[in-house]
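# Dropping the sequence and predicted coords here.
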Amino acid sequence: MTDRTGIFAGDDPFDIARAWLAEAEKSEINDPNAIALSTVDAEGMPDTRMVLLKDIDGHGPDGSFVFYTNYDSAKGRQISATGKASFVMHWKSLRRQIRVRGTVTREEGPQADAYYASRALKSRLGAWASPQSQPLEDRATLVAAVAKMSLKHGTNPARPPFWGGFRITPTQIEFWADGAFRLHDRFVWVRQAEDCWKITRLAP
């Protein structure tokens with residue numbers, strides 16, 4: 001791909017993604033790691049919400065994208081049923097985006113424990129208290145549940161068994177950058193085998 005230079009250059013899509021995110025962290029006002037995560041329900045209806053990407057792990061065939069959530073949430077149940085998801089990460093300040101499609105597995109080992117422990121105490125207690133995606137009578141009910149969990153788990157709560165990470169292993173990654181007169185630059189990386197990607201420039 002002779003014209004894949006500048007911000008698109010590189011032999012590893014995860015290195016490119018990390019470089020773009022690092023650049024966005026200097027210019028985006030809020031949550032440069034926010035992604036719009038899409039799943040589908042049992043009827044095949046798409047469902048999209050914003051979550052925070054917490055890790056871009058590995059390289060080449062071992063690379064993946066990791067976020068954390070309640071496994072019993074709507075997205076958790078949908079991912080568990082299909083094993084698939086997609087997301088887009090868009091930065092207005094850079095006028096760039098990354099689109100990812102792939103298979104999903106749980107990340108519920110030491111890495112999930114470490115991330116959970118790094119969160120603010122009230123966030124850790126909130127993970128225990130919130131029946132995510134379930135009907136809630138009012139906010140007072142939620143606040144009371146957090147207080148109850150504080151008494152039960154103290155100041156060093158363990159990670160809930162129903163809360164942890166999801167690891168998206170891409171089958172496809174697209175890098176997009178704004179171009180003059182809507183002539184945008186798009187390069188899609190499609191996994192051909194465990195150690196091979198096919199890179200194609202797409203029309204804007």
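Sure thing, it's come through.

# drop to CA atoms for contacts and neighbour counts, all remaining ones
Noted.

# can you name the farthest residue from the center of this structure?
Using Cα atoms, centre = their mean, the residue of the chain lying farthest from its centre is residue 151. It sits 31.7 Å away.

# Quickly note the distance from that one to residue 129.
To residue 129, residue 151 is 12 Å away according to Cα to Cα, to the nearest Å.

# swap in residue 204?
Distance of residue 204 to residue 129, computed by Cα to Cα: 45 Å.

# Look at the residue nearest to residue 202 when sequence neighbours are not counted and say how many residues are nearby.
The shortest distance from residue 202 to any non-neighbouring residue, by Cα to Cα, 6 or more residues apart in numbering, is to residue 186 (5.3 Å). The number of residues packed near residue 186 is 21, by other Cα atoms under 10 Å.

# pretty sure residue 186 is in contact with residue 173, am I right?
No: judged on Cα atoms under 8 Å, residue 186 makes no contact with residue 173 at a distance of 10.4 Å.

# Can you tell me which helices and strands the lengthiest helix in the chain packs against?
Criterion DSSP state H: the longest helix present in the chain is helix 139-153. When contacts are defined as 3 or more Cα pairs under 8 Å, 6 or more residues apart in numbering; DSSP states H and E, helix 139-153 packs onto helix 121-129.

# mind listing what's buried in the helix it packs on?
Counting neighbours by 16 or more other Cα atoms under 10 Å, one finds that the buried residues in helix 121-129 are 121, 124, 125, 126, 127, 128, 129.

# show me the contacts for the fifth one.
By Cα atoms under 8 Å, 6 or more residues apart in numbering, the contact set of residue 127 is 70, 160, 163.

# same deal with the fourth one?
For residue 126, the set of contacting residues under the criterion of Cα under 8 Å, 6+ apart consists of residue 146.

# any idea how far it lies from residue 64?
Distance, residue 126 to residue 64, using Cα to Cα: 27 Å.

# ok, now how distant is residue 39 from residue 94?
Distance, residue 39 to residue 94, using Cα to Cα: 26 Å.

# For the residue farthest from the centre of the chain, give its distance to residue 116.
Using Cα to Cα, we find residue 151 at a distance of 19 Å from residue 116.
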